[in-house]
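Would you be able to build a 3D model of this:
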Amino acid sequence: MIGAACSLYAVRAGLDVVVVDRGPVAGGTTGAGEGNLLVSDKEPGPELELALLSRRLWREITVAGPPDDRRPPDRGFDRPIDGRVVDGRVVDGRAIEYEPKGGLVVASTPEALTALTALAAGQRAAGVDTVPVTPDQLRELEPYLAHGLAGGVLYPQDAQVMPTLAAAHLLRASGARVETGRTVAGVLRGADGAVRGVRTERGDLRAPAVVNAAGTWGAEVAALAGVSLPVLPRRGFVLVTEPLPRRVRHKVYSADYVADVASDSAALQTSPVVEGTAAGPVLIGASRERVGFDRSFSLPVVRALAAGATRLFPFLEHVRAMRAYSGFRPYLPDHLPAIGPDPRVPGLFHACGHEGAGIGLATGTGHLIAQTLTCKAPDLDLTPFRPDRFAEEAAP
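Down below sits the predicted model:
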């Protein structure tokens, strides 16, 4: 997803772009995501600023149908974008299942509600739309929610896309050359140390700039260029139910989820996250644990997800789970992505380490990368996202 967005904005800035991926489009973390475009789960600071920029850009490039449009989405490519621009927009919202449905964060206790209200106040000061929700209003927004919750906060700016479709359509809209099934085995550098392209098993690709948008595998690509970037995999599972059209109207999650996102713990953490999709099934998360690239199925984790979801929505106890899948979030120790030029290697740029927020932050990241590639002043201060910030911390 990040690579697709970088491609779109780089091509729009007048650059020739080749996207190289050892697998298929969205064959890694992107294809294992839920497609969230969130501001609700971000504390005030650089990541929230990036999320607000990204939200604006998603809306600028997406042609969305009216909110009450319930026609089936165009899931195929029988109506390709192929560079077509409508009022500056390049992606059909129905084709990527774009839903500006909003997020609802709920608190189970008065103490949790107090903490959530304080977070929302800080977010509101930073430009986020927040609406306090009383216990009675909770069930007006979500009729199937459990009774006895203390209250919550509605975030109207939260949205969702189908991530695999979104990545594919952004790539198509960019017009970039896409080389799938081609593995980068090295980063070419000149006598002066600057980037000259990449080496693959099917030959070299020459370029004056290389963008590392390898997600969870960003550390491996950085190492090919001779630099360290401590991206680690953080595994998560998602449960998918049978189709339940419009039974869950928003992205609904417990206030505990925000704390889990910000946690540095390697141990298993779960907090209930439940959301409907345009296609009908309900997605249930969220779990986090650092277990390397272990893809094995974990029944205890999936049971914990199911238990948390039924606490929020008791009717789910009688609903069939059709499947479960897992993926690896690209985790960096300070929970901020690496975005921008790497001062250690001229011509090397990074756009990775977004953890579980990469879909939502993709447009802002792509836009900022395109600005730095063309030597323009970026719209956000990139200092907090500097790729070499960890090397500075490790120095004696």
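
Distance check, the closest residue to Ile284 other than its chain neighbours against Val301.
Leaving aside its sequence neighbours, Ile284 sits nearest to Leu239 (C-beta to C-beta, 6 or more residues apart in numbering; 4.0 Å). For every residue, glycine as well, the C-beta is placed using N, CA and C. For Leu239, the distance to Val301 equals 10 Å [C-beta to C-beta, to the nearest Å].

same thing with Val187?
36 Å.

Next: Cys375.
For Cys375, the distance to Val301 - C-beta to C-beta - is 46 Å.

The two: who's more crowded?
Val301 (20 against 6; other C-beta atoms under 10 Å).

And the helix or strand encompassing Leu53, what does it pack against?
Using DSSP states H and E, Leu53 sits within helix 46-61. Other helices and strands packing on helix 46-61, by 3 or more C-beta pairs under 8 Å, 6 or more residues apart in numbering; DSSP states H and E, are strand 36-37, helix 358-373.

Tell me where the stretch 151-300 of the chain is predicted with low confidence.
259-264 (pLDDT under 70).

and with 50 instead?
Of all residues in the stretch 151-300 of the chain, none has pLDDT under 50.

residue furthest from the geometric center of this structure?
What lies farthest from the middle of the chain is Ala191; by C-alpha atoms, centre = their mean that is 37.2 Å.

For that one, give its distance to Leu348.
As judged by C-beta to C-beta, Ala191 and Leu348 stand 16 Å apart.

residue contacts, Gly14?
By C-beta atoms under 8 Å, 6 or more residues apart in numbering, Gly14 lies in contact with Thr374.

Apply 10 Å and report the result again.
Gly14 is in contact with Ala370, Leu373, Thr374, counting by C-beta atoms under 10 Å, 6 or more residues apart in numbering.

Among those residues, which one lies nearest to Gly103?
Ala370 (28.3 Å; C-beta to C-beta).

and the closest one, how many residues sit next to it?
Ala370 - counted by other C-beta under 10 Å - has 24 other residues nearby.

The closest residue in space to it that isn't next to it in sequence: neighbour count?
Spatially, and ignoring its direct neighbours in sequence, Ala370 is nearest to Tyr9 (3.7 Å; C-beta to C-beta, 6+ apart). Neighbour count for Tyr9, taken as other C-beta under 10 Å: 26.

Which strand or helix spans Tyr9?
Per DSSP H and E: helix 2-12 holds Tyr9.

Pull out the buried positions in that helix.
Buried residues in helix 2-12, counted by 16 or more other C-beta atoms under 10 Å: Ile2, Gly3, Ala4, Ala5, Cys6, Ser7, Leu8, Tyr9, Ala10, Val11, Arg12.

As JSON lines, the residues you listed with pLDDT and distance to Glu355 would be great.
Listed next are the buried residues of helix 2-12 as JSON lines, based on pLDDT from 0 to 100; distance: C-beta to C-beta, whole Å:
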{"residue": "Ile2", "pLDDT": "98", "distance to Glu355": "12"}
{"residue": "Gly3", "pLDDT": "97", "distance to Glu355": "16"}
{"residue": "Ala4", "pLDDT": "97", "distance to Glu355": "18"}
{"residue": "Ala5", "pLDDT": "98", "distance to Glu355": "16"}
{"residue": "Cys6", "pLDDT": "98", "distance to Glu355": "18"}
{"residue": "Ser7", "pLDDT": "97", "distance to Glu355": "21"}
{"residue": "Leu8", "pLDDT": "97", "distance to Glu355": "22"}
{"residue": "Tyr9", "pLDDT": "97", "distance to Glu355": "21"}
{"residue": "Ala10", "pLDDT": "98", "distance to Glu355": "23"}
{"residue": "Val11", "pLDDT": "97", "distance to Glu355": "27"}
{"residue": "Arg12", "pLDDT": "96", "distance to Glu355": "27"}
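
and which of those is nearest Ala324?
Ile2 (25.0 Å).

Does the closest one touch Gly218 like I think?
Yes: in this structure, Ile2 is within contact of Gly218 by C-beta atoms under 10 Å, at 9.5 Å.

Can you pull the residues that touch both of the two?
Counting by C-beta under 10 Å, 6+ apart, the residues touching both Ile2 and Gly218 are Asn212, Pro330, Pro337, Ala351, Cys352, Gly353, His354.

Give me the subset of these that lies in strands.
Among the shared contacts of Ile2 and Gly218, the members found in strands (DSSP state E) are Asn212, Pro330, Ala351, Cys352.

of all those, which comes closest to Lys42?
Pro330 (16.5 Å).

what's the domain layout of this protein?
1-98+157-229+334-396, 103-155+232-331 (automatic domain parsing).
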